[in-house]
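Enquirer: When you get a sec, could you give me coordinates for this:
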Amino acid sequence: MSQRHHLAALSAALEEELPAAVALRHRIHARPCLSGAEAPTRDLLLAALPTGSTTKVADTGAVVRVGGPGPAVAVRGELDALAVRETTGAPWASEHPGIMHACGHDVHLAALTALARAVDRSGGPAPLLAILQPREETYPSGAQSIVEDGILEREHCRAMIGAHVQPLLPVGTVACTPGGVNASADEFTLSVRGRGGHAAYPHLTRDPVVALAHVVVALQSLVSRGTDPMAHVVLSIGTLTAGTAANVIPGTAEARGTLRALDGRHRDFLHSRLAEVAELVAQTHGCTAEVAIDRGEPVLHNDEALTAATRPLLGSLGLRAGDDLRSAGSDDFSFFCEHLPSLMVFVGTHGGSEQLHSPTFLPADERIRDVAHAMLAGYLAAAELIT
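Expert: Numbering: from 1, shown residues only. Below you'll find the model as predicted:
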């Protein structure tokens, strides 16, 4: 069967699956689970997905094969919710106080289930792996755990597809952008040590607070003067901690922040220069500095061939392949991108929904169709490339 015939058959099957997908979305949304505790959500999905080869992975996740043996295309859905108190007022709002699907994962999971059921009913050009991924919102990364498990090799996975709702885009638009689309995300802790003492006798101390203040200002030059103005780089300080009394100069001061870049070379530059600048500036104030960097997600890099093959299929499914969308936000889907050809598309929801991670974020049920068709386009494009 040609790609065109698969497109028509699977699109029609998807339409028939949408009512059940909407009902499933409501159940998922009403019973959210935090990162690391997603087993109930996983089991809810397993009951709705086609019966097939199922492997539980990453503690609370699972991989379900739909179709026979051979090279497969994986499509990811994220299981976890956020520690956000919902204020949408929806009849199917969260039943768990202080926990909410505020990032669209309920929509992604419902769409993935509809696609898997459509492939099971109508057949597809390649087996589909439904990836039920835990811990997207926190560490340790669920995607990284799945990669390290080796399940993708055992299941002969050849490509990975993801779709994420995006309120920055209008409804009906899907950003399908090659190259880096989400930044690497690393956190750092910067500790400055001096010599504390009485605030009335600063000349007898080595003030780490003043030293840290100068370090924070100096670090801004890593972006403004150390990187190409056309590069996408972020260095932000989120916390400053020092002392416990107004009339005491403390012995230590600490800052914590984030480093983000859309290019691995810029990421490496920030890592190397951050410590150097901090240490040298602290020395000028008679203090010492230490920097500890926790490496997070790498750059989410969309495969160019997969991106190019998916864009025309989006149009055939009634979606508009929109302008490039790149963000300093991060997603651990990037660990898949490091491992095999992968594509993350962003599906527009603008037209009433609020910002991601907002207590009022509630994409319309109609967006399940858009996400499912975006996943279908990626699945068919990947299947064409691997066969």
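Enquirer: buried set for stretch 119-128?
Expert: Neighbour-count burial for stretch 119-128 flags 119-122, 124-128 (criterion: 16 or more other C-beta atoms under 10 Å). The C-beta positions use only the backbone N, C-alpha and C, and glycine is treated the same way.
Enquirer: Return the member of those residues nearest to Gln283.
Expert: Leu128 (57.3 Å; C-beta to C-beta).
Enquirer: which residues sit against stretch 200-208?
Expert: Stretch 200-208 has contacts (C-beta atoms under 8 Å, 6 or more residues apart in numbering) with 192-198, 242, 247, 249-253, 282, 285-287.
Enquirer: Now for the closest residue to Ala37 other than its chain neighbours: which residues touch it?
Expert: In space, and not counting its chain neighbours, Ala37 is closest to Thr60: 6.8 Å by C-beta to C-beta, 6 or more residues apart in numbering. When contacts are counted by C-beta under 8 Å, 6+ apart, Thr60 touches 36-39, 42, 79, 134-135.
Enquirer: Tell me which of the contacts of stretch 200-208 fall in strands.
Expert: 192-193, 197-198, 242, 249, 252-253 (DSSP state E).
Enquirer: Identify the farthest-apart pair in those.
Expert: Using C-beta to C-beta, the two most remote members of the ones in strands among the contacts of stretch 200-208 are Val192 and His198, lying 19.2 Å apart.
Enquirer: Tell me which of those two has more neighbours.
Expert: Taking other C-beta atoms under 10 Å, Val192 and His198 do not tie; Val192 has more neighbours (30 against 11).
Enquirer: hey, what's the more buried one bridged with?
Expert: Ala253, Ala289 (DSSP bridges).
Enquirer: Show me where the stretch 201-350 of the chain has its strands.
Expert: 233-242, 248-249, 252-261, 288-297, 300-302, 320-321, 342-350 (DSSP state E, counting those that start in this stretch).
Enquirer: Same check on the stretch 51-200 of the chain?
Expert: Going by DSSP E, counting those that start in this stretch, the stretch 51-200 of the chain shows strands at 53-57, 61-66, 72-78, 128-133, 157-170, 173-175, 179-182, 184-193, 197-198.
Enquirer: out of these, nearest to Gln144?
Expert: Closest to Gln144 of the strands of the stretch 51-200 of the chain is strand 128-133 (C-beta to C-beta; 10.2 Å).
Enquirer: Tell me the strands beside that closest one, with direction?
Expert: The pairing partners recorded for strand 128-133 under DSSP bridges are strand 61-66 (antiparallel), strand 72-78 (parallel).
Enquirer: Just name the most buried of these.
Expert: Mean neighbours per residue, mean count of other C-beta atoms under 10 Å, is largest over these for strand 72-78, with a mean of 28.
Enquirer: Now do it: distance to the chain's middle.
Expert: 14 Å (C-alpha atoms, centre = their mean, to the nearest Å).
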